[in-house]
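Visitor: Structure here, sequence nowhere to be found:
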């Protein structure tokens, strides 16, 4: 196998999404766990390799972060150019935007959960054609199953702690920390599930006279001007397969769906100024937006009629 220069490896890492990196880290974690179990037969070797086994799953994230260092350097220079009062933003500029977006998404989910507990009503929809995505989708079923799984997790965590209690009886502080860790994880999952359900709300986009207003809870929201839309097509394949067939990089696309596989795609003009918020990050330079709709043909027909009206 030929050795590629470092820039080529960096370019490959930059093309991979953080989800792909997380999958690779998970596989490395499983392999490292298996190696650790095998090395129990050789305790001296296992003790020497234990730090490497623990650090191995973090290596893909580190490599991905280093591949994006030129972007971080540009962000640091922009912060420095903004003035000395923005010094506290320097550490944030070095972090991956996806990580900061996850923090923003977590904050939005917590607010959504608080609004769900208060039974706060949703804001009124703007005037326009409503395009739903919950009536025929699987989100409600998935929400019920995930909520059930989260609620079942609490008694299971209690049983697990009791099983481990015999081993940790000599260390009460560690046992207490384990109690709080499992309780915090379960509560955090519950907050995300309830918060996402409130934020999704009625489950619809709105097509107004001059734009398509997208809203999938806190995960995706923004406005797509009709002038930026070149076409709307129905698809019967995965978003990845459609991108490969049309030669579009995954960084130039966006998926606006609560759970279901997309069944429509908005193809944008090459010169567009569309900016959408996705997973806590503002995304631009988009070539297409994938959607799931209960009636995708309704969006296509409405867009054709509105675009023809604007041209006339």
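Guide: On my side now, so go ahead. If you're wondering where the values come from, they're calculated on a predicted model, not measured in any experiment.

Visitor: which residues of the stretch 51-200 of the chain fall in strands?
Guide: Assigned by DSSP state E, counting those that start in this stretch, the stretch 51-200 of the chain shows strands spanning 129-132.

Visitor: low pLDDT regions in it?
Guide: Applying pLDDT under 70 to the stretch 51-200 of the chain flags residues 83-86, 164-171.

Visitor: switch to 80 and redo it
Guide: Scanning the stretch 51-200 of the chain for pLDDT under 80 picks out 51-54, 67-68, 79-92, 157-179.

Visitor: Can you list the residue ranges for helices in it?
Guide: For the stretch 51-200 of the chain, helices defined by DSSP state H, counting those that start in this stretch occupy the ranges 59-67, 69-82, 90-94, 97-117, 139-165, 172-200.

Visitor: closest to residue 23 out of these?
Guide: Set against residue 23 and scored by Cβ to Cβ, those come closest in helix 59-67, at 9.1 Å. For the C-beta atoms, the positions are set from N, CA and C on the backbone; glycine is no exception.

Visitor: Against which helices or strands is that closest one packed?
Guide: With contacts taken as 3 or more Cβ pairs under 8 Å, 6 or more residues apart in numbering; DSSP states H and E, helix 59-67 sits against helix 6-15, helix 18-38.

Visitor: mind redoing it with 10 Å?
Guide: With contacts defined as 3 or more Cβ pairs under 10 Å, 6 or more residues apart in numbering; DSSP states H and E, helix 59-67 has these neighbours: helix 6-15, helix 18-38, helix 97-117.

Visitor: Quick one: distance of it to the chain centre.
Guide: Put simply, helix 59-67 sits 18 Å off its chain's centre (Cα atoms, centre = their mean, to the nearest Å).

Visitor: Likewise for stretch 51-62?
Guide: With Cα atoms, centre = their mean as the basis, stretch 51-62 stands 22 Å off its chain's centre.

Visitor: residues of that stretch that come out buried?
Guide: Buried residues in stretch 51-62, counted by 16 or more other Cβ atoms under 10 Å: 53, 56-57, 60-61.

Visitor: In the stretch 201-312 of the chain, where is pLDDT below threshold?
Guide: In the predicted model of the stretch 201-312 of the chain, residues 306-312 satisfy pLDDT under 80.
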